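Engineer: pasting a predicted model and its sequence here:
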Amino acid sequence: MNAAAAHDEHTALDSYVDKWLAVQPQQRIALVFVDPRRYPGHIALAALEQELLSAAYGIREPQVAAAKLNWWAEELSGAANTGGRHPLTQVLFDDERAHALGNERWLAPVLAAMAQLEEGTATDFPSQLAAASQLHGAWARLENAWWFGASASAERAAQWATLSHLLHGLLRLEEDAERDRLPLPMARLARFGLSRAQLRQPGQEREAAIRAQLGDLRHAWAVAARLPGPVSVFRQLEADQGRRQVERAVEAADPLNRLRQSTHSRGLGLAWRTWRAARAWHRQAGD
C-alpha cells in the first residue's frame, strides 16, 4: 500500500471512530489506556458497534435499515476470506483473533438487529429488557470474546449493554414519541395515562413515568453488578456513566432534564475510573 492509500484508509477509519466518540465522548480518555496504535482492533470494534446500532435504531424506515444491516451481514460473513471492504472490517480482520471467533459470533448481532426491526413497544419493563438483550447481548458476547477470549462469560457485559441502550432510549423520549417502539413500555404508559402526544411535553404524569422507569433501571443495574464475567474498558465506562446518570435523575423533580444535564462525566473522577477499568482489563486478560 502506498503512502496516499494508507493515508486515505487512516482518514476513513478516523471518521468512524469520531462518530463513536461523538456519542460517547467520555471514551476519549479511555484511548490513553487502550492505545490505538497497540490495540487498533479494540477501537475498530467499538466503532463498529456504533455503526450497527445507528443502522438498527437511527434509520426510521425499516426497509432502509434492513438493507444496511444486510450489507453488514454480507461484509462480516465474507471478511475472513476477503479481508473486508469496509475500513473497520479491514482493521478487525487484520487481527488473528477476528478469524478465531468464527462467522457465527460475528453475524449474531447483525441478525439480532434485523430481527427486531419490526418490533413494537414492549408490554412491560421485563419484556423490554428481554427484547433489547437479543441484540445487545449478542454484541457483548462478541466484544468479550475479542477482549478476553472465546470462553469469557459475558453475563454482566450483556446486561450492562442492554441497560445502557434503554437509558439512551429514554433520553430520546421526545424525539421518538411517534416511533412504533417507544422508550417506555405499554404498562408504564397505561399506569400513568400517557398518550404519545404527552411524551413530547413536560407534565406531571410524564415525569412520574420517567421516574418509575429510572427506578427499574437503577434496580436492574444493581442486580447486573453482581453477575459474573469481565467487561471491556469501554463497556465499564459506559455502564458507570449510565448508572451515575440514573442515580442523579431518579429523585429529581424533572428527571429527563436532569438526565440531559449529566450526560457526560469529566475530570479526575473519570480518569480514576478509567485507570481502574484498564487495570482490571489487563488483569482479566492476563496481559
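Structural biologist: Great, that's in hand.
Engineer: would you put the C-alpha positions of the lengthiest helix in the chain in CSV?
Structural biologist: Secondary structure of the chain read by DSSP state H shows that its longest helix is helix 125-148. Once non-C-alpha atoms are left out, helix 125-148 reads as follows in CSV (Å, rounded to 0.1, in the frame of the first residue of the first chain):
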residue,chain,number,x,y,z
PHE,A,125,-40.1,-3.5,31.7
PRO,A,126,-39.0,-7.2,31.9
SER,A,127,-40.2,-7.8,28.3
GLN,A,128,-38.5,-4.6,27.2
LEU,A,129,-35.2,-5.8,28.9
ALA,A,130,-35.5,-9.2,27.3
ALA,A,131,-36.2,-7.9,23.8
ALA,A,132,-33.3,-5.4,23.9
SER,A,133,-30.9,-8.1,25.2
GLN,A,134,-31.2,-10.1,22.0
LEU,A,135,-29.1,-7.5,20.1
HIS,A,136,-27.0,-6.1,22.9
GLY,A,137,-26.3,-9.5,24.5
ALA,A,138,-25.1,-10.8,21.2
TRP,A,139,-22.8,-7.8,20.8
ALA,A,140,-21.5,-8.2,24.4
ARG,A,141,-20.6,-11.8,23.7
LEU,A,142,-18.7,-10.8,20.6
GLU,A,143,-17.0,-8.0,22.5
ASN,A,144,-16.0,-10.1,25.4
ALA,A,145,-14.6,-12.8,23.2
TRP,A,146,-12.5,-10.2,21.5
TRP,A,147,-11.2,-8.6,24.7
PHE,A,148,-10.9,-11.7,26.9
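Engineer: is residue 240 in contact with residue 273, as I believe?
Structural biologist: Yes - contact criterion CB atoms under 8 Å: residue 240 and residue 273 qualify, at 5.5 Å. Every C-beta, even on glycine, is put in place using the N, C-alpha and C of the backbone.
Engineer: pLDDT value on the closest residue in space to residue 235 that isn't next to it in sequence, please?
Structural biologist: If you skip the residues right next to it in sequence, residue 235 has residue 157 as its closest partner in space, 5.4 Å away by CB to CB, 6 or more residues apart in numbering. Reading off the confidence values, residue 157 has pLDDT 98.
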